[in-house]
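Novice: please find the sequence and the predicted model below.
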Number of protein chains: 2
Amino acid sequence: MKTVIIGSGNVAYHLAKAFTQNCYSPIQIFGRNEEALREISSENKIPYATDTLADADFYLICVKDSAVAEVSSLIKKENCLVAHTSGSLPKEVLLGNYRKACFYPLQTFSKKKTLNYSEIPFFIEAENALDFGFLKTLAETISTLVTEADFKKRKFVHLTAVFSCNFVNHLFARGKEISDAQDIPFDWFYPLIDETVRKIRTIDPKDAQTGPAIRNDARILAAHEALLADSSQLEIYKVMNESIKKMYDLK
Amino acid sequence: MKTVIIGSGNVAYHLAKAFTQNCYSPIQIFGRNEEALREISSENKIPYATDTLADADFYLICVKDSAVAEVSSLIKKENCLVAHTSGSLPKEVLLGNYRKACFYPLQTFSKKKTLNYSEIPFFIEAENALDFGFLKTLAETISTLVTEADFKKRKFVHLTAVFSCNFVNHLFARGKEISDAQDIPFDWFYPLIDETVRKIRTIDPKDAQTGPAIRNDARILAAHEALLADSSQLEIYKVMNESIKKMYDLK
């Protein structure tokens, strides 16, 4: 299957790398940002283009959600397979008379960060068994966890990921804001953060909860609120504590 | 320095273990919960008592914040050092005519969970240089990161820890609630969670933010809100996204 990757952002960068590391070579990487394309191209020895899309059997669209439909309409070929990589779009968002699919890798991609691709879960949906089989085999050259997921399932996977990754990172950002303001190095918290994450592999996070809210320690909660001058920090503090109390039926 | 540990909860359990592993043997572990005391006593070969507090040079109070004052008043001896282990109490909360101190380990302690004590940061405060020196040396037998911290600094250390540990764990609990309801195994998210945490060691969490809020993707935010039937989940979703948008000045 001759394959073209469309896009030059973090997802395109890492999927191109994951494919070539596993001896699967796309025939082209296509996009608008020539500098980014050149980087992916030279690192992975894949020709790039900004104007003419190569003739291929499989096009993998790795662009931001809001651009997927428009980009998909650039593919005029009909006898081919086209997949997007989004957790939050149905395959029907793709605009063309080709076979449609989704190839969704669950990971947080930053360009400069090396990743172990073998542990990235892939969620796949296709129109027929043959396309599904091809995409599953392709994902399995990269990863050990490949599973079928329709649009509804992908939406909840993405939503869970927002809570467990995006929001967690934002808590680190807000926490660091608090410690930075007091000249407390945030790296002092790494062992605590590591343990928080290690712990949920052996103890259900619901049973692992610690802190003032689950102890229903009104004195500390009030003292902490008084320390928080920033309105976003304060609102997060209150809402998270209320949610903890509600989860454990504390009054 | 003859040392007594007071308390039988998670902090007492782990500090008793950390001390004895490093060849520093308390002469007694004192508390009310005989079953818990017996466990700590037999694991670490430290005598325990529920009635008579041994005569010692140093008493380390490892009980919940709300009990520290009352427990500290049980120590009638005057020529001795007494420290509590709380991040959120001043040393003056200790009620007695002895020398007062704080010996605060920054970690989330669960009894059944093995910990690498050497990487736990300790925050120490004492009335005089001699006591400070003793507590610092004692902490350094356990840990490589020991630092002086007055009450104000400890309060902010604790507050940062609530954001980076307690709230993070609660996001895992809420995330798992969402995935469990859809029969999506939460362990699929472990690689993503691990990467989220690994990433902040090389990229400032503020620069590592990903997800629909920082892309200001109103379509996804609205679609996710429509999926969340639980009021606590929904409130967390809205407040976290608002806070992300505010941090990056997105309208």
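Specialist: Perfect, I can see it now. The model shown is predicted, which means the values in this text are computed figures rather than measured ones.
Novice: strands of chain A, residue ranges please.
Specialist: Taking DSSP state E as the criterion, chain A carries its strands at A:3-6, A:28-30, A:48-49, A:58-61, A:81-84, A:99-105, A:122-126, A:146-148.
Novice: can I have the longest helix belonging to chain A written out in CSV, keeping just the CAs?
Specialist: For chain A, the longest helix by residue count, based on DSSP state H, is helix A:231-247. Output of helix A:231-247 as CSV, limited to C-alpha atoms (Å, rounded to 0.1, in the frame of the first residue of the first chain):
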residue,chain,number,x,y,z
SER,A,231,-8.8,33.8,40.8
SER,A,232,-8.2,30.8,38.5
GLN,A,233,-6.1,29.0,41.1
LEU,A,234,-8.8,29.7,43.7
GLU,A,235,-11.6,28.5,41.5
ILE,A,236,-9.7,25.3,40.7
TYR,A,237,-9.0,24.8,44.4
LYS,A,238,-12.6,25.1,45.4
VAL,A,239,-14.1,23.0,42.5
MET,A,240,-11.6,20.2,42.9
ASN,A,241,-12.2,20.0,46.7
GLU,A,242,-16.0,20.1,46.2
SER,A,243,-15.7,17.3,43.7
ILE,A,244,-13.6,15.2,46.1
LYS,A,245,-16.0,15.7,48.9
LYS,A,246,-18.9,14.8,46.7
MET,A,247,-17.2,11.6,45.4
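Novice: how about that helix: buried residues?
Specialist: A:232-233, A:235-241, A:243-245, A:247 (16 or more other C-beta atoms under 10 Å in any protein chain shown). No exception for glycine: its C-beta is placed from N, CA and C like everyone else's.
Novice: now swap in stretch A:176-184 and tell me
Specialist: A:176, A:177, A:178, A:179, A:184.
Novice: next one: stretch A:2-20 to chain centre, how far?
Specialist: 15 Å (C-alpha atoms, centre = their mean, to the nearest Å).
Novice: first-to-last residue distance for that stretch?
Specialist: Chord length of stretch A:2-20, first to last residue, is 13 Å (C-alpha to C-alpha, to the nearest Å).
Novice: could you work out the end-to-end span of stretch A:111-129 for me?
Specialist: Terminal-residue distance, stretch A:111-129 (C-alpha to C-alpha): 33 Å.
Novice: gap between that stretch and the chain center?
Specialist: 10 Å.
Novice: so which pair among the buried residues of stretch A:176-184 is furthest apart in space?
Specialist: A:177 and A:184 (11.3 Å; C-beta to C-beta).
Novice: re the thing from before, now, which of the buried residues of stretch A:176-184 lie close to chain B?
Specialist: When contact is defined as C-beta under 8 Å from any C-beta of the partner chain, the buried residues of stretch A:176-184 meet chain B at A:176, A:178, A:179, A:184.
Novice: of the residues you listed, which belong to helices?
Specialist: Checked against DSSP H, those include these in helices: A:176, A:178, A:179.
Novice: CSV for the residues you listed, including pLDDT?
Specialist: What follows is these, written out as CSV (pLDDT from 0 to 100):
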residue, pLDDT
A:176, 98
A:178, 98
A:179, 97
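Novice: and chain B, is stretch A:116-131 touching that?
Specialist: Yes. Interface with chain B: stretch A:116-131 contributes A:116, A:119, A:120, A:121 (C-beta under 8 Å from any C-beta).
Novice: what about that stretch, start to end distance?
Specialist: 26 Å.
Novice: what does that stretch contact?
Specialist: A:14, A:17-18, A:21-22, A:81, A:83, A:87, A:91, A:99-107, A:132, A:134-136, A:139, A:142-151, A:153-154, A:157, B:188, B:191 (C-beta atoms under 8 Å, 6 or more residues apart in numbering or on different chains).
Novice: of those residues, just the buried ones, ChimeraX syntax please.
Specialist: Of the contacts of stretch A:116-131, the buried ones go into a single ChimeraX selection, burial set by 16+ other C-beta under 10 Å:
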select /A:14,17,18,81,83,87,91,99,100,101,102,103,104,105,106,107,134,135,136,139,142,143,145,146,147,149,153,154,157 /B:188,191
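Novice: then stretch A:49-56 to CSV, C-alphas only?
Specialist: Presented in CSV, the C-alpha positions along stretch A:49-56 are these (Å, rounded to 0.1, in the frame of the first residue of the first chain):
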residue,chain,number,x,y,z
ALA,A,49,5.7,18.1,-1.5
THR,A,50,3.7,21.3,-0.9
ASP,A,51,1.9,21.4,-4.3
THR,A,52,1.2,18.0,-5.9
LEU,A,53,-0.2,15.2,-3.9
ALA,A,54,1.4,11.8,-4.9
ASP,A,55,-0.8,9.0,-6.3
ALA,A,56,-1.2,6.5,-3.4
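Novice: and that stretch, what's buried?
Specialist: So, applying 16+ other C-beta under 10 Å, buried residues of stretch A:49-56: residue A:56.
Novice: surely residue A:176 and residue B:208 touch.
Specialist: No. If you go by C-beta atoms under 8 Å, residue A:176 and residue B:208 don't touch, sitting 10.8 Å apart.
Novice: residue A:70 and residue A:16: what is the separation?
Specialist: 21 Å (C-beta to C-beta, to the nearest Å).
Novice: and if you look at residue A:96?
Specialist: If you measure residue A:96 against residue A:16 using C-beta to C-beta, the figure is 22 Å.
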